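Undergrad: Sequence below, structure please.
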Amino acid sequence: MGNTLMLLEAAMAEVVLSVAFRYQPNDEVHKLLVEFREMINYCIEQAVKQGITSYYRLRKSVYEEFKRRWPNYATHYCHSACRIATSILRSWRRRGREPRAKKLFMRLDPQLYRFYGDRVRITVAPRQFLWLNLIVGEYQARFVDAWKRGELKVGEITVNEHYVVVPFRKRVDLENPQDWVALDINESNVSATATDGGQFVIDLSEVRRVHHAYFEIRRKIQRKFHDKPKLKRKLLEKYSKRERNRIRDLLHKASRLIVNMTKGKGIVLENLNGIRKRIHYGRKLNRRLHSWPFHKLQFFIHYKANLNGQPVEYVNPAYTSRTCPRGVLKYDYCLNVTGNV
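TA: Purely as a prediction, here's the structure:
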């Protein structure tokens, strides 16, 4: 019986997907965000001064002084601030960055908030609460409904000046399936071959077209407004954001289609870590491939597949292109985007 339970636990995994909710900001939220940033920076200063690298040692060291400095806040803020401070210090030691929190945000464990679906109640002090009214769109509503049905749980939320980011957790069965599908992500398509003999190809040439169109737009802006740096920067940021949104939408559609077409099967992806460092095929080809979001597409496929109960494995891509699938049981899918660039 014990071995059976162990095998069942091994087959289960927890999948986490963070969903952003806009909320209606107010002065109280802004004040709390500013205070929390000061808490983080105080913890960082003490850690640097005392040479502390451990979260537990830092929390023990600053706890009493923290209560004296912020008597009007719940002591759980000390725990959250210390966690973020140690995380910032690890990044600073690894990358040489200045150890200081600059952005306004706070990460709250379940002891400091309560999620109600369309609202969040934040505990400022014992029996003193701050309410955030969330804007729930169609996308967010899917997760809220699943949470209300008990299918999802929530973890530590992150609050910034515009969003509340809620991590939804789901336990899924990722036991090895009978069939697998190998995906080959190319510059203009994703080709797939299943162990049961099925194959399909998804056309992603629209991603390349959007990249090229916005590249030309940015080049024209740089030429036309070279003597107006502020306007040039503003326009470049505007069109870069548009491009990111368009590409993100296309990749979401493609990944959703892939997961739906491979339902019930495991997915095999190529391990593309360091692919851009290995590419030396000339300036034009390098530029095209460096702008292709390989990892983003893989990330979308991975988490959507796991949410669907499909395991994902990564393999060394060496020599895999020799056996690329050809059109048996081929389904062509073109990602059409309305509107002109």
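Undergrad: Quick one: residues in contact with stretch 13-33.
TA: When contacts are taken as C-beta atoms under 8 Å, 6 or more residues apart in numbering, the neighbours of stretch 13-33 outside the stretch itself are 104-106, 120, 122, 124, 130, 132-136, 139-140, 143, 155, 158-172, 174, 303, 306-307. C-betas here are computed from N, CA, C, even on glycine.
Undergrad: Which members of those occur in helices, if any?
TA: The subset of those located in helices under the criterion DSSP state H comprises 139, 140, 143, 303, 306, 307.
Undergrad: For the stretch 201-341 of the chain, which segments count as strands?
TA: Listed in chain order, the strands of the stretch 201-341 of the chain (DSSP state E, counting those that start in this stretch) span 266-270, 312-315, 332-334.
Undergrad: With the stretch 51-200 of the chain instead?
TA: According to DSSP E, counting those that start in this stretch, the strands that the stretch 51-200 of the chain contains are 105-108, 113-115, 119-125, 128-135, 153-154, 157-160, 163-173, 180-185, 189-194, 199-203.
Undergrad: where exactly do the helices run in the stretch 201-341 of the chain?
TA: For the stretch 201-341 of the chain, applying DSSP state H, counting those that start in this stretch gives helices covering 205-224, 229-261, 275-278, 283-290, 294-307.
Undergrad: Now that we have these, can you turn them into CSV and tack on mean pLDDT, distance to residue 32 and mean neighbour count?
TA: Shown next, in CSV, are the helices of the stretch 201-341 of the chain (pLDDT from 0 to 100; distance: least, C-beta to C-beta, whole Å; neighbours: other C-beta atoms under 10 Å):
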stretch, mean pLDDT, distance to residue 32, mean neighbour count
helix 205-224, 91, 38, 15
helix 229-261, 92, 28, 15
helix 275-278, 53, 41, 11
helix 283-290, 51, 41, 11
helix 294-307, 88, 31, 19
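Undergrad: Nearest approach to residue 268 belongs to which of those helices?
TA: Each of the helices of the stretch 201-341 of the chain was scored for nearness to residue 268 using C-beta to C-beta, and the closest is helix 294-307 (10.8 Å).
Undergrad: I would like the residues contacting that closest one, please.
TA: The set of residues that contact helix 294-307 without belonging to it, under C-beta under 8 Å, 6+ apart, is 13, 15, 17, 170, 172, 174, 183, 185, 190, 247-248, 251-252, 254-256, 258-259, 262, 267, 269, 272, 275, 311-312.
Undergrad: Tell me where the chain is predicted with low confidence.
TA: Per-residue confidence for the chain (pLDDT under 70) gives these ranges: 1-12, 93-98, 274-291, 317-341.
Undergrad: can you list the domains in it?
TA: Residue ranges of the domains in the chain are recorded as 8-173, 180-334, according to automatic domain parsing.
Undergrad: Report the contact partners of residue 119.
TA: By C-beta under 8 Å, 6+ apart, the residues touching residue 119 are 131, 132, 133, 134.
Undergrad: swap that for residue 52, please
TA: Contacts of residue 52 were listed using C-beta under 8 Å, 6+ apart, and they are 46, 58, 61.
Undergrad: Now do the phi/psi pair for it.
TA: Backbone geometry at residue 52, expressed as degrees, to the nearest 10, gives phi -90, psi 130.
Undergrad: from the contacts of residue 119, which would you call buried?
TA: Neighbour-count burial (16 or more other C-beta atoms under 10 Å) applied to the contacts of residue 119 gives 132, 134.
Undergrad: With distance to residue 196 as new columns, can the contacts of residue 119 be given to me in CSV?
TA: Supplementary listing: the contacts of residue 119 in CSV, determined by distance: C-beta to C-beta, whole Å:
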residue, distance to residue 196
131, 52
132, 49
133, 49
134, 44
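Undergrad: any idea how far residue 16 is from the residue lying closest to residue 169 once chain neighbours are set aside?
TA: For residue 169, the nearest residue in space outside its immediate sequence neighbours is residue 153; the separation is 4.6 Å by C-beta to C-beta, 6 or more residues apart in numbering. Distance, residue 153 to residue 16, by C-beta to C-beta, to the nearest Å: 10 Å.
Undergrad: hey, what's in contact with both of the two?
TA: With C-beta under 8 Å, 6+ apart, residue 153 and residue 16 have common neighbours 168, 169, 170.
Undergrad: Whichever of these end up buried, select them in ChimeraX.
TA: The following ChimeraX command selects only the buried members of the shared contacts of residue 153 and residue 16, with burial defined by 16+ other C-beta under 10 Å:
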select :168,170
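Undergrad: For the shared contacts of residue 153 and residue 16, give me JSON lines that also has distance to residue 218.
TA: What follows is the shared contacts of residue 153 and residue 16, written out as JSON lines (distance: C-beta to C-beta, whole Å):
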{"residue": "168", "distance to residue 218": "36"}
{"residue": "169", "distance to residue 218": "39"}
{"residue": "170", "distance to residue 218": "40"}
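Undergrad: The stretch 1-150 of the chain: helices as residue ranges?
TA: Applying DSSP H, counting those that start in this stretch to the stretch 1-150 of the chain gives helices spanning 2-11, 27-50, 55-69, 76-95, 138-148.
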